[in-house]
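Trainee: quick check, what structure comes out for this input:
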Amino acid sequence: MRTSPNIPFIKVSKTFLILSGIIFSASICLLIFKGVKTSIDFKGGTIINISITSDNHNLTLLRDTLSNQLEKAVSVVKVQSTSHQQELIITTEYLSNETQLNLILKQIYNNNYRINKIESIGPKIGKELSKNARNAVIIALILIGLYITIRFDLSYAMASIVALLHDLIITLGIFIIINYEISIAIIAALLTIVGYSLNDTIVIYDRIRENISSNPHRKKNKLINESLNQTLSRTLVTSLTTLIVVVVLFIYGGNVLKPFAFTLIIGVILGTYSSLFIASPIMLFLDEKFNIDTEDKEER
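Mentor: Okay, here's the model as predicted:
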């Protein structure tokens, strides 16, 4: 018969909670004092994808010329380069008239360029998208809290929300440190992280509830530790297989999917960690602190 490992999750959880608390607090400070870098999805702007076949590869000249003549802040990034062609991404504030852009490009490159794609989002639409993205995350967390409260009890719900906030805030903190832009794709990835992390946590909670119901007289900290060890192989296998997929997506998915895949890589790692070292220990603390004992009440 296969035996479960005996890793002292609850015993070492205090150390990990302190470490997570420090990183979480640092991420909150970064969010307050520095803030996230948002893409044009939220602040409005124009992104132009162009290919040039000219011998003039001076990106500084292109950026300075565009900035001076458009009278706007301009960013130029080389996406792909071969001996015959360069592909560039130009990002600027919202352009209501793209004719001037064409004239400037023609002035620099003559006819040795091609505009592949132009995306423009007005400031008003950007603010609306920002509001909707924030509301989507808040509503998702509220509904998750209600669901877990109904299925388990309040201590489980509060602990799972803390774990989810832990994952989301630290992910945003990492983005601030590496100067990563938050786009609609990133918001979609963050909501995916919420679902992934929650699924893992619920599997562990189910096992905890089963063990508490079948062993009502044993100490809860031992039962919770036992439950974590019993579900450990499932947790690691699920996380590893998911991680392999998103790493492959990050490597081969192209520039459009890279931000989404990168967010999921961080989310899978943090979600697995929080399921083991954050959600269950906090649930135990809340249960003991506020004497929430649903299982015993049900038995009476």
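Trainee: any weak-confidence spans in the stretch 101-250 of the chain?
Mentor: 123, 126 (pLDDT under 70).
Trainee: go again using 90 as the cut-off
Mentor: Scanning the stretch 101-250 of the chain for pLDDT under 90 picks out the ranges 101-160, 179-225, 227, 230-236, 238.
Trainee: list the contacts of I278.
Mentor: I278 makes contact with 16-17, 20, 159, 162-163, 166, according to Cβ atoms under 8 Å, 6 or more residues apart in numbering. (Glycine included, C-beta is placed from N, CA and C.)
Trainee: one more pass at 6 Å, please.
Mentor: By Cβ atoms under 6 Å, 6 or more residues apart in numbering, I278 lies in contact with 163, 166.
Trainee: check E119 too.
Mentor: I47.
Trainee: and the residue lying closest to I40 once chain neighbours are set aside, how many residues sit next to it?
Mentor: With sequence-adjacent residues excluded and distances taken as Cβ to Cβ, 6 or more residues apart in numbering, I40 is closest to I121, at 5.2 Å. Counted with other Cβ atoms under 10 Å, residues neighbouring I121 total 19.
Trainee: for I121, give me phi and psi.
Mentor: phi -130, psi 120 (degrees, to the nearest 10).
Trainee: same deal with K37?
Mentor: According to degrees, to the nearest 10, K37 has phi -90, psi 120.
Trainee: just checking, it touches E181?
Mentor: Yes. At 5.1 Å, K37 and E181 qualify as touching, with contact defined as Cβ atoms under 6 Å.
Trainee: gap between the two ends of stretch 67-84?
Mentor: 26 Å (Cα to Cα, to the nearest Å).
Trainee: tell me the mean pLDDT for that stretch?
Mentor: For stretch 67-84, mean pLDDT is 76.
Trainee: centre of the chain to that stretch, how far?
Mentor: Put simply, stretch 67-84 sits 28 Å off its chain's centre (Cα atoms, centre = their mean, to the nearest Å).
Trainee: same question for stretch 236-254.
Mentor: Distance, centroid of stretch 236-254 to centroid of chain: 15 Å (Cα atoms, centre = their mean).
Trainee: okay then, goodbye and thanks.
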